[in-house]
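Visitor: got a predicted model here, sequence first, then my questions.
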Amino acid sequence: MFLRKKKQIIDLWMKNQMADAALREDLMSNEDIRAQSEELLDALLRKLTDEGLKDIDTIDFGEVFEILGGISITRARQGFSSRETGLYIYSLKDTLMSILQQELKDDPIQLYEVSMKIGRLIDTFGIVTFETFIKGREEVILRQTDEITEISTPVIRIWDGILALPIIGTLDSARTQTVMENLLGEIVNTGSSIAILDISGVPAVDSLVAQHLIKTVSATRLMGAECIISGIRPEIAQTIVHLGIDLSNIITKSTLENALKHAFSILELEVRKKGFVNKNI
Amino acid sequence: MPFLFWNWKSGKRDLSTKIFNTAKMEKIPILKMGQFLLVTIQIDLYDRLALNLEADLIQMVRKTEAKGVLIDISAVTIVDSFMGRIIGNIANMCKIMDAETIVVGMQPAVAITLVELGLPLTGVHTALNVERGMELLRKKILFNGKETVASDTDYTLDSSE
Amino acid sequence: MEKRLLLPILTTPLTVLNKDAMLINKEQDVVPFRNRVKEYAVKIGMGLVNQTKLITAASELVRNMLRYGNGGETIIEVISKGRENGIRLTFSDKGPGIPNIEQAMKDGFSTGKSLGLGLPGTKRLVNEFDIKSKVGEGTTVMIIKWKNG
């Protein structure tokens, strides 16, 4: 029944989509939408024969789900909103319903039955669409997270033998991993013996974050370098003590400047004004 | 033959050879460099080999009256809890025998794994490479007043000029 | 009904791409086993740190197997779940078994003369850790490390 009407369905569906205010011509051309819609409809109608319609629950719509999934993922990546993507699939429902109305206007009982079935089927499609759409978005987020972790852990060589690593944002276990890998790798590359971990950009330090910091310091020491933590704000010091976190084995300094001074003294370096002679010597 | 067999034998080794006479006995060479002993581990250790090293090294410290032991693990890709324990043991034993132990050249991946494993080897001194390790050893021995000939300039870092 | 239809999308199945078994009877088997694990980890493109964590975990478990279970069988599998690839290792011995797993999984607990961080430490090194043990029958430990885990 639908197969015969395929041309009509696609035209009507396209018309419905065009009429919709949600159409985003900036993101996708009409031809592309048509091609996409036709592919989906083809797959759907192959399964949705007259016999299939009678026993709709047993049909395996795997192929249709696959195409649908592909469509929603590409839409998610292209920047469609979830509403637009949802409306896309629900506009098919309207289309199929109006075709059914024309076809079965003499048989209200069958019209009701088939409408219910189609309605349920399209609802399922809708759920699948949303699921895959969210998945597609999550992928985008995940990729961005990776990129952020990668770029947000710069290791800077601030002096011969001294590295600094400003941490900005929360320190979770994945981030700690990247921080450690970058820092330790850089220690080997530059042969530095002191690393300064500046946490002024870390919004809060709870016991978990502290644990990550301790881990980083321990790993640095295993490599044979010393690790200084700087940028400890008063409120962070307060929480650390209130939570009963023991940082007594770690060199901590309030500012990066103080940490650098401490590093100089470890390396037995002296920074002084040109021409200035220390009388004490 | 990847290893140099330094012509030094102890009763201990013969005993272990008997226990494991089926396997080809590999040995980790221990080099004497002045007041220090240098051990470079070039392969991933299995337990018996590590235990033998522990015994051999302690004997060698006694024999040479070494003041410091440098263990270079830059070629070791795996340090598990057993190996970690052996390293800790060696450090403690040497300490009792009045020698400092420094572990040098640990790979970043190994350090991260050890920390994650919960084995931060506290109490074991570390250095980035053999050169730094030597420097540190000299400093420590001088600090402890064990070395009679003081060499003032040897241990300062080269970056100050 | 809808549930059945949606199921294939909701749960990603775990597929085994490659399987390899190795018997561990003596201490000298440990190094070849570690090398084999490393080979597979390199093959799926696992990063150096994760490789090291996996091999260290494997080393711990093999030692436990030798010490407490008198050796046993190990299975190395390359698995994939969705886009994520990983290595699954299974260690089964016919030793005395662990009477109290909960206690054995606590930091600082040990029956032998080790440091007592074998099992909990190992668990921290991998993404998934499963231990089954029956007193008198043996112990089976399964670990999974994902490529980017």
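Guide: Happy to help now that I have it.

Visitor: how about the residues of the stretch 101-250 of chain A by chain B?
Guide: Neighbours of chain B within the stretch 101-250 of chain A, by Cβ under 8 Å from any Cβ of the partner chain: A:159-161, A:177, A:180-181, A:184-185, A:187-188, A:191, A:193, A:215, A:218-225. For every residue, glycine as well, the C-beta is placed using N, CA and C.

Visitor: who's in contact with whichever residue of the stretch 151-281 of chain A sits closest to chain B?
Guide: Using Cβ to the nearest Cβ, A:L184 is the residue of the stretch 151-281 of chain A that sits closest to chain B, at 3.4 Å. Residues near A:L184 by Cβ atoms under 8 Å, 6 or more residues apart in numbering or on different chains: A:A219, A:T220, A:M223, B:P108, B:A111, B:I112.

Visitor: what helix or strand is the nearest residue to C:L61 once chain neighbours are set aside on?
Guide: Leaving out its chain neighbours, the residue that sits closest to C:L61 by Cβ to Cβ, 6 or more residues apart in numbering or on different chains is C:F91, at 4.8 Å. C:F91 belongs to strand C:84-93 when assigned by DSSP states H and E.

Visitor: which strands border that strand, and is each parallel or antiparallel?
Guide: strand C:72-81 (antiparallel), strand C:138-146 (antiparallel) (DSSP bridges).

Visitor: including distance to B:Y46 and mean neighbour count, could the ones you listed go into JSON lines?
Guide: As requested, these are exported to JSON lines (distance: least, Cβ to Cβ, whole Å; neighbours: other Cβ atoms under 10 Å in any protein chain shown):
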{"stretch": "strand C:72-81", "distance to B:Y46": "16", "mean neighbour count": "19"}
{"stretch": "strand C:138-146", "distance to B:Y46": "20", "mean neighbour count": "22"}
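
Visitor: turn the ones you listed into a markdown table, including mean pLDDT and distance to A:T132.
Guide: What follows is the strands paired with strand C:84-93, written out as a markdown table (pLDDT from 0 to 100; distance: least, Cβ to Cβ, whole Å):
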| stretch | mean pLDDT | distance to A:T132 |
| --- | --- | --- |
| strand C:72-81 | 92 | 17 |
| strand C:138-146 | 92 | 22 |
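
Visitor: past the lowest-mean-pLDDT helix or strand in chain C, which element shows up next along the chain?
Guide: Here the helix or strand of chain C ranked lowest by mean pLDDT, DSSP states H and E is helix C:2-10, holding a mean of 44. Next along the chain after helix C:2-10, taking DSSP H and E as the criterion, comes strand C:14-24.

Visitor: any part of the helix or strand that B:G133 is a member of near chain A?
Guide: When elements are assigned from DSSP H and E, B:G133 belongs to helix B:130-143. Yes. Judged by Cβ under 8 Å from any Cβ, helix B:130-143 and chain A are in contact via B:R132, B:G133.

Visitor: now that helix: buried residues?
Guide: For helix B:130-143, burial by neighbour count (16 or more other Cβ atoms under 10 Å in any protein chain shown) applies to B:V130, B:R132, B:G133, B:M134, B:E135, B:L136, B:L137, B:R138, B:K140, B:I141, B:L142.

Visitor: which of those lies closest to C:P120?
Guide: B:G133 (32.0 Å; Cβ to Cβ).

Visitor: got a list of what the closest one touches?
Guide: A:G224, B:L70, B:D72, B:I102, B:V104, B:A127 are the contacts of B:G133 under Cβ under 8 Å, 6+ apart.

Visitor: burial count for the third one?
Guide: The burial metric for B:D72, expressed as a neighbour count using other Cβ atoms under 10 Å in any protein chain shown, is 20.

Visitor: that one and B:M33: what is the separation?
Guide: Separation of B:D72 from B:M33 (Cβ to Cβ, to the nearest Å): 12 Å.

Visitor: same thing with the last one?
Guide: Counting by Cβ to Cβ, the separation of B:A127 from B:M33 is 15 Å.

Visitor: if you count what's nearby, which of those two comes out ahead?
Guide: B:A127 (23 against 12).

Visitor: residue contacts, the closest residue to chain A within chain B?
Guide: The nearest approach of chain B to chain A comes at B:P108, 3.4 Å away (Cβ to the nearest Cβ). Applying Cβ under 8 Å, 6+ apart to B:P108 gives the contacts A:M180, A:E181, A:L184, A:G185, A:I187, A:V188, A:A219, A:M223, C:V49.

Visitor: the last one reaches B:A109, doesn't it?
Guide: Meaning C:V49. Yes. At 4.5 Å, C:V49 and B:A109 qualify as touching, with contact defined as Cβ atoms under 8 Å.

Visitor: tally of neighbours for A:K7?
Guide: 8.

Visitor: what bridges to C:N85?
Guide: C:S80.

Visitor: and it, what pLDDT?
Guide: Here the pLDDT value assigned to C:N85 is 89.

Visitor: mind checking how far it is from chain A?
Guide: Going from C:N85 to chain A by Cβ to the nearest Cβ, to the nearest Å gives 16 Å.

Visitor: mind listing what A:A204 touches?
Guide: So A:A204 contacts A:T170, A:I236, A:T239 (Cβ under 8 Å, 6+ apart).

Visitor: which of the contacts of B:G133 fall within strands?
Guide: B:L70, B:D72, B:I102, B:V104, B:A127 (DSSP state E).

Visitor: what's across from the first one in the sheet?
Guide: Counting by DSSP bridges, B:L70 is bridged to B:L38, B:I102.

Visitor: quick one, strands of the stretch 151-281 of chain A?
Guide: A:156-159, A:162-168, A:194-201, A:226-230, A:251-252 (DSSP state E, counting those that start in this stretch).

Visitor: possible to save those strands as JSON lines with mean neighbour count and mean pLDDT?
Guide: Written out in JSON lines, the entries for those read as follows (neighbours: other Cβ atoms under 10 Å in any protein chain shown; pLDDT from 0 to 100):
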{"stretch": "strand A:156-159", "mean neighbour count": "14", "mean pLDDT": "92"}
{"stretch": "strand A:162-168", "mean neighbour count": "21", "mean pLDDT": "92"}
{"stretch": "strand A:194-201", "mean neighbour count": "21", "mean pLDDT": "93"}
{"stretch": "strand A:226-230", "mean neighbour count": "23", "mean pLDDT": "94"}
{"stretch": "strand A:251-252", "mean neighbour count": "19", "mean pLDDT": "93"}
